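Peer 1: could you look at this predicted model? Sequence included:
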Amino acid sequence: MDLGIKGRKAIICASSKGLGKACAMTLAQDGVHVFINGRTEEVLEKTAQEIRDVTEAQVTCVAGDVTTALGREKLLAACPDPDILINNAGGPPAGNFRDWDRETWIKALDANMLTQIELIKAVVDGMIARKFGRIVNITSGSVKAPIEILGLSNGARSGLTGFCAGIARSTVKDNVTINGLMPGPFETDRIAEIIAAEAKAKNITIEQARKGRMAANPAGRFGRPEELGAACGWLCSQYGGFVTGQNILLDGGSFPGTL
Ligand code: NAP
């Protein structure tokens, strides 16, 4: 399907690997000029080359920490007038809520709520003026089905989701949509780290932990990053203009509810 967004510009935060990279790849395949980001410059450059090797899109690297004001300034200086903003960042650590002090909470809120809100604030009025904008937040299935040990993630990402629900109806008449993608388990470095920690805690092999997790999912597997990338591509496409304030769960059917 032609997404109808060739020549548009997209900032994709935290996109040198994993889910962000998959979103960048999908958009680049459709001819979008992608501005990719990550803290590790060499990994970022390698990803840019990978995207250039398989697409004809322009790829611009913006190295930096998106959760800092400087990192966001660099992204906005490179692309002050994006048509598309994919909000993404690393997830906060797991733990016991009794151990989290104010500083821990502020860090999580900064990384998974306030950073995204700052970027939306910086780009949304330009999108409204140009009558096209697509904003997608990569959050987590834990927004819909909270996981006890991921309290920092549950809290910060729910805050972002609630904030966006409040503004998404005010921008859509100008063809600017704001939506969320809520991933369940996907094959990325992040899930590999979680599995390694689980294997260590349970004194089992990594393969046993992996198989156990996969068996617990109705799909019997983890998601493939390109599956999330394709969902992102659709939300960002010319056909996405009638969808706003929504949060799409990509979890292989784990969430057992009707809606
Ligand atoms: P990943 O494979 O570990 O990739 C994370 C990417 O983000 C890397 O390119 C990393 O590069 C970059 N990054 C991390 N922190 C950054 C920062 N502060 N500034 C700029 N770039 C940053 O992770 P993922 O699986 O794609 O996860 C993406 C998001 O989805 C995370 O918030 C994660 O918690 C959430 N999520 C993932 C899953 C899953 O199963 N994979 C499930 C639910 C939610 P550098 O390290 O070089 O900066």
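Peer 2: Structure received. Numbers count the residues shown, from 1 in each chain.
Peer 1: which stretches in the chain count as helices?
Peer 2: Per DSSP state H, the chain carries helices over the ranges 18-29, 41-54, 69-78, 102-109, 115-130, 151-171, 189-202, 206-215, 225-236.
Peer 1: anything in the longest one near the ligand?
Peer 2: It refers to helix 151-171. No: interface with the ligand: helix 151-171 contributes nothing (C-beta under 6 Å from any ligand atom), its closest point being 6.5 Å away. In short, each C-beta sits where N, CA and C put it, glycine included.
Peer 1: need the contact partners of that helix.
Peer 2: For helix 151-171, the surrounding residues in contact (C-beta atoms under 8 Å, 6 or more residues apart in numbering) are 87, 91-93, 95, 97, 100, 104-105, 108-109, 111-113, 116-117, 120, 124, 127-128, 133, 135, 137, 139-140, 142-143, 146-147, 177-180, 244-245, 247.
Peer 1: of those residues, which are in range of the ligand?
Peer 2: Restricting the contacts of helix 151-171 to those near the ligand by C-beta under 6 Å from any ligand atom leaves 91, 140.
Peer 1: only the buried subset of the contacts of helix 151-171, as a PyMOL command please.
Peer 2: This is how PyMOL selects the buried members of the contacts of helix 151-171, with burial counted by 16 or more other C-beta atoms under 10 Å:
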select buried, resi 87+91+92+100+105+108+109+111+112+113+116+117+120+124+127+128+133+135+137+139+140+142+143+177+178+179+180+244+245+247
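Peer 1: hmm, who's touching the strand of greatest length in the chain?
Peer 2: Criterion DSSP state E: the longest strand present in the chain is strand 176-183. The set of residues external to strand 176-183 that reach it, using C-beta under 8 Å, 6+ apart, is 19, 120, 124, 127-128, 132-144, 160-161, 164, 167-168, 171, 223, 228, 231-232, 235, 240-241, 243-251.
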